[in-house]
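*Asks:* sequence and computational prediction follow.
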Amino acid sequence: MLKAKVTVILKNSILDPQGSAVEKALRSMDYPVESVRIGKFMEVNLPEEARDQAEEIMHEICRKLLSNPVIEDYSFELEG
Amino acid sequence: MKIGIVRFPGSNCEVDCFEAWRVLGEDPKMIWHQETSVQGYDLIVLPGGFSYGDYLRTGAIARFSPIMEDVIRFAKNGGLVWGICNGFQILTECGLLPGALLRNRELHFICGPQYLRVERDDLAYTNQYKQSDIIQIPVNHGEGNYTIDDEGLKELKANNQIVFRYVTAQGEVNDQGSPNGSRDNIAGIVNKEGNILGMMPHPERVVEEIIGGTDGRGMFLSILNHWERRMKHGA
């Protein structure tokens, strides 16, 4: 089995209110934090037969559903 | 007029839309999201709610519901498609309208009356208002913070696609008037052709005095007026 580990995060140009709130909380706890951005982590398991097209399939899945290209960037790593 | 309201798993404003149309004498039909055709309809409403529990992103999964393929075809052929709240989120997810809806600026779910300024009165959806009218329509969302890049905003303005802006009671467009941090106080937009409208506020909740107001009624009357004229004079 193949495992794709996917990270989706708001583009740098998009304000991330959740990240800003966490950043403020960390600062108020006296940590020397410059900035925080919050994203999503997903694991997608693919069957062995898909090994050859895994990369292509994952790009398609990420573009079509897992991320919204208008506001988010994605990246993934394949394991196994 | 044949009006269809799409019901997704997790929709929760479809009955309000249904009742609003009935108050105005129409006989709308519910369309289950597993259906595959909207043939014969004159208007499709994508109602508010939490389709698919808002999982992944609001509207992201509903956008791939079986019915949506035909809704997209219908919209691209000039059919009237009206997305309210979650319906607006679905329309941006499938690319029928530009931009995206993010978490509200203050991260809170907001629910309450909201002043809007009508920016266009020449649309199928707004011909019973006058430009610059200030109307009060409730908002009810956690993700209504409209965002679009500079290029996209320029295009929206150049094509006059902004239909409603959040304003203060005095009609000022500023941060104070905006409940969610939307870019340029945008509350609702239309596609270039004017047949696809998306908005976060809920006009279906203000069509009768007894439920708190009638400022939303104008949208329903506008659509009916548009349709009547179209039937009389041909498309």
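*Replies:* Good, I have the coordinates. Numbers count the residues shown, from 1 in each chain, chains lettered A, B, ... in the order given.
*Asks:* going by C-alpha atoms from here, please, whenever you check contacts or count neighbours.
*Replies:* Fine.
*Asks:* which residues in chain B form helices?
*Replies:* B:14-23, B:66-76, B:86-93, B:150-158, B:217-233 (DSSP state H).
*Asks:* no wait, chain A
*Replies:* A:17-28, A:54-61.
*Asks:* of those, which shows the lowest average pLDDT?
*Replies:* Among the helices of chain A, helix A:17-28 has the lowest mean pLDDT, at a mean of 93.
*Asks:* circling back to that earlier point, output the helices of chain A in JSON lines; the columns should cover distance to residue B:144 and mean neighbour count.
*Replies:* Converted to JSON lines, those look like this (distance: least, Cα to Cα, whole Å; neighbours: other Cα atoms under 10 Å in any protein chain shown):
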{"stretch": "helix A:17-28", "distance to residue B:144": "13", "mean neighbour count": "16"}
{"stretch": "helix A:54-61", "distance to residue B:144": "25", "mean neighbour count": "15"}
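*Asks:* just the helices of chain B: most buried one?
*Replies:* helix B:86-93 (a mean of 28; mean count of other Cα atoms under 10 Å in any protein chain shown).
*Asks:* what does it contact?
*Replies:* A:68, B:45-51, B:58-60, B:62-63, B:82-83, B:97-101, B:197-200 (Cα atoms under 8 Å, 6 or more residues apart in numbering or on different chains).
*Asks:* looking at these, which are in strands?
*Replies:* Counted as lying in strands by DSSP state E, out of the contacts of helix B:86-93, are B:45, B:46, B:82, B:83, B:100, B:101, B:197, B:198, B:199.
*Asks:* since we're on the fifth one, how many residues are nearby?
*Replies:* By other Cα atoms under 10 Å in any protein chain shown, the residues close to residue B:100 number 24.
*Asks:* show me what contacts it?
*Replies:* A:70, A:71, B:89, B:92, B:93, B:146, B:147, B:148.
*Asks:* coming back round to it: closest one to residue B:76 among the helices of chain A?
*Replies:* Nearest to residue B:76 among the helices of chain A is helix A:54-61 (23.5 Å), distances taken as Cα to Cα.
*Asks:* for chain A, what is the nearest residue in chain B?
*Replies:* residue B:105 (6.0 Å; Cα to the nearest Cα).
*Asks:* and for that residue, the neighbour number?
*Replies:* Count around residue B:105 with other Cα under 10 Å applied: 19.
*Asks:* ok, now how distant is it from residue B:144?
*Replies:* 9 Å (Cα to Cα, to the nearest Å).
*Asks:* need the residues touching each of the two.
*Replies:* B:180, B:182.
*Asks:* residue A:10: what's its closest spatial neighbour, skipping adjacent residues?
*Replies:* residue A:72 (4.2 Å; Cα to Cα, 6 or more residues apart in numbering or on different chains).
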